[in-house]
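*Asks:* Okay, structure incoming, though there's no sequence with it:
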């Protein structure tokens, strides 16, 4: 499903504030209990929220990410704004490495009219989007294709990316802890992303606000290693302090 604006707001509220009762959500969005129950039922049926008696919570795990199609639906409009903000700052004629994730794929969509780009990616969805641009050279990393989201990972992927030094490394993330730790779920994917950071002159992180305070199992990096953070809402105070301390440019779309 594609959530309505109110349903997206419900997802964001539960993600940011924790489990919520039906009554609290009805007050928050100034609608009837019946309206919230219908929204919650649809979101739970789609796997975007998990129900408990009288309320809802996020269906999260520290060991396994939300399914790819469900991730596409979460904060879709916010991801589009982030992607547009990133694309506006990517100059024509530059080199990029783009990794996996629905936000990175949204950026690829917005880059389709850029000229002279050379893009290295371990994401077949990104490759498919940008290969329609005849002015863009797309280089696909080798490795094992993950069926769930068309990501390419493994030792061959890491070795391939190490051949290059690019202008911009553009990465996504599954969770940002309040101490500035960037985390994800698949250690093989994390190794690829870590290599992208090492092989990039600038590192740009694109992530929507639902990733703040979200837990995941594998450490990827620290916020201080990022040059630019693109997001859709002002980060929590702890994160803002880290960004300021380490001079990380924060662009809010």
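*Replies:* Structure's in. What do you need? Keep in mind it's a predicted model, so treat the numbers as computed, not measured.

*Asks:* Return the list of helices and strands in contact with the one helix or strand residue 139 maps to.
*Replies:* Using DSSP states H and E, residue 139 maps to strand 137-140. Under the contact criterion of 3 or more C-beta pairs under 8 Å, 6 or more residues apart in numbering; DSSP states H and E, strand 137-140 touches strand 118-121, helix 124-130. (Glycine included, C-beta is placed from N, CA and C.)

*Asks:* In its sheet, which strands sit next to the shortest one, and in what direction?
*Replies:* This points to strand 118-121. Applying DSSP bridges, strand 118-121 is found paired with strand 95-98 (parallel), strand 137-140 (parallel).

*Asks:* what sits up against it?
*Replies:* 94-99, 111, 126-127, 130, 136-141, 161, 164, 166 (C-beta atoms under 8 Å, 6 or more residues apart in numbering).

*Asks:* And the strands in the stretch 51-200 of the chain?
*Replies:* Secondary structure of the stretch 51-200 of the chain (DSSP state E, counting those that start in this stretch): strands located at 55-57, 95-98, 118-121, 137-140, 144-146, 151-153, 166-171, 175-176, 181-184, 200-206.

*Asks:* Show me which positions of the fourth one end up buried.
*Replies:* In this case it means strand 137-140. Residues 138, 140 are the ones in strand 137-140 that count as buried (16 or more other C-beta atoms under 10 Å).

*Asks:* And for the first one?
*Replies:* Taking 16+ other C-beta under 10 Å as the neighbour-count basis, strand 55-57 is seen to contain the buried residues 55-56.

*Asks:* helices or strands up against that strand?
*Replies:* helix 5-17, strand 20-21, helix 22-29, helix 33-45.

*Asks:* 7 Å instead?
*Replies:* strand 20-21 (3 or more C-beta pairs under 7 Å, 6 or more residues apart in numbering; DSSP states H and E).

*Asks:* Strand partners (parallel or antiparallel) of the strand it packs on?
*Replies:* Within its sheet, and counting by DSSP bridges, strand 20-21 is paired with strand 55-57 (antiparallel).

*Asks:* Contacts for the strand it pairs with next, please.
*Replies:* 14, 19-22, 40, 44, 49-50 (C-beta atoms under 7 Å, 6 or more residues apart in numbering).

*Asks:* 6 Å instead, please
*Replies:* Applying C-beta atoms under 6 Å, 6 or more residues apart in numbering, the contact partners of strand 55-57 are 14, 19-21, 40, 49-50.

*Asks:* same thing with stretch 205-212?
*Replies:* Residues contacting stretch 205-212 (C-beta under 6 Å, 6+ apart): 15, 75, 78-79, 82, 86, 103, 171-173, 175-176, 226, 229-233, 236.

*Asks:* hmm, back to that, looking at the helices and strands packed on strand 137-140, which is closest to residue 245?
*Replies:* strand 118-121 (31.2 Å; C-beta to C-beta).

*Asks:* Tell me how far the closest one lies from the chain's centre.
*Replies:* Computed by C-alpha atoms, centre = their mean, to the nearest Å, the separation of strand 118-121 from the middle of its chain amounts to 18 Å.

*Asks:* And for stretch 104-117?
*Replies:* The answer for stretch 104-117 is 16 Å, by C-alpha atoms, centre = their mean.

*Asks:* what about residue 89, distance to residue 251?
*Replies:* Between residue 89 and residue 251 the computed distance is 8 Å (C-beta to C-beta, to the nearest Å).

*Asks:* Show me where the stretch 151-253 of the chain has its helices.
*Replies:* 155-161, 187-198, 237-245 (DSSP state H, counting those that start in this stretch).

*Asks:* among the ones you listed, which is the most enclosed?
*Replies:* Scoring the helices of the stretch 151-253 of the chain by mean neighbour count under mean count of other C-beta atoms under 10 Å gives helix 187-198 as the most buried, with a mean of 21.

*Asks:* Now do that one, average pLDDT.
*Replies:* What helix 187-198 shows for mean pLDDT is 94.
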